[in-house]
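Asker: build me a model from this:
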Amino acid sequence: MGRRRRRWLLLLLVAASAGCAGTLREISSGWVGCPPETIEIRNDSGFSFGARAWQAACAGKVFQCSSTGNANACSELRVAPPPAR
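Answerer: This next block holds a predicted model:
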C-alpha cells in the first residue's frame with residue numbers, strides 16, 4: 001500500500017473513531033440520565049460485528065452499556081459493600 005493511501009486510511013479511522021464516541025454518549029444519555037456532553041466513555045470494546053460494550057461515567061456513577069444491532073442497554077455498576085467483621 002502506498003504511503004499516501006496509508007495516510008488516508010489512518011485519517012479515515014481517526015475520524016470514524018471520533019464520531020463514534022459522540023454516538024456512544026448519545027446512546028448512553030437516554031439510559032443514564034445525563035446530557036451527552038457530560039458523559040465520559042471508558043473501556044470501549046471498539047468496532048465489532050454485532051456487539052459492542054463500553055462504560056459510561058457521569059455524575060459520580062459508572063454504567064456498563066452494550067449494543068447489539070439496534071438494541072442498547074446500560075445498567076449502573078454498583079460496588080458491593082465490604083463484608084462485616
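Asker: what pairs with the residue nearest to the spatial centre of the chain across the strands?
Answerer: Centroid-nearest residue in the chain: residue 54, 4.1 Å away (criterion: C-alpha atoms, centre = their mean). Taking DSSP bridges as the rule, residue 54 bridges to residue 65.
Asker: what's the spacing between residue 67 and residue 81?
Answerer: As judged by C-beta to C-beta, to the nearest Å, residue 67 and residue 81 stand 31 Å apart. (C-beta placed from N, C-alpha, C; glycine too.)
Asker: if you count what's nearby, which of those two comes out ahead?
Answerer: Shown here are residue 67 and residue 81; by other C-beta atoms under 10 Å, residue 67 has more neighbours (20 against 6).
Asker: and the contacts of the helix or strand that contains that one?
Answerer: Here residue 67 sits within strand 61-68, counting by DSSP states H and E. The contact list for strand 61-68, computed with C-beta atoms under 8 Å, 6 or more residues apart in numbering, reads 24, 27-28, 31-32, 42, 50-57, 72-77.
Asker: swap in 10 Å and give it another go.
Answerer: Contacting residues not belonging to strand 61-68 are listed as 23-24, 27-28, 31-34, 39-45, 48, 50-57, 72-79 [C-beta atoms under 10 Å, 6 or more residues apart in numbering].
Asker: with stretch 43-57 instead?
Answerer: Contacting residues not belonging to stretch 43-57 are listed as 13, 16-17, 20-21, 24-25, 27-29, 31-32, 34, 36, 38-42, 62-69, 71-72, 74, 76-77 [C-beta under 10 Å, 6+ apart].
Asker: check stretch 76-85 too.
Answerer: With contact meaning C-beta under 10 Å, 6+ apart, stretch 76-85 is reached by 31-32, 55-57, 61-64.
Asker: let's see 6 Å
Answerer: 61-64 (C-beta atoms under 6 Å, 6 or more residues apart in numbering).
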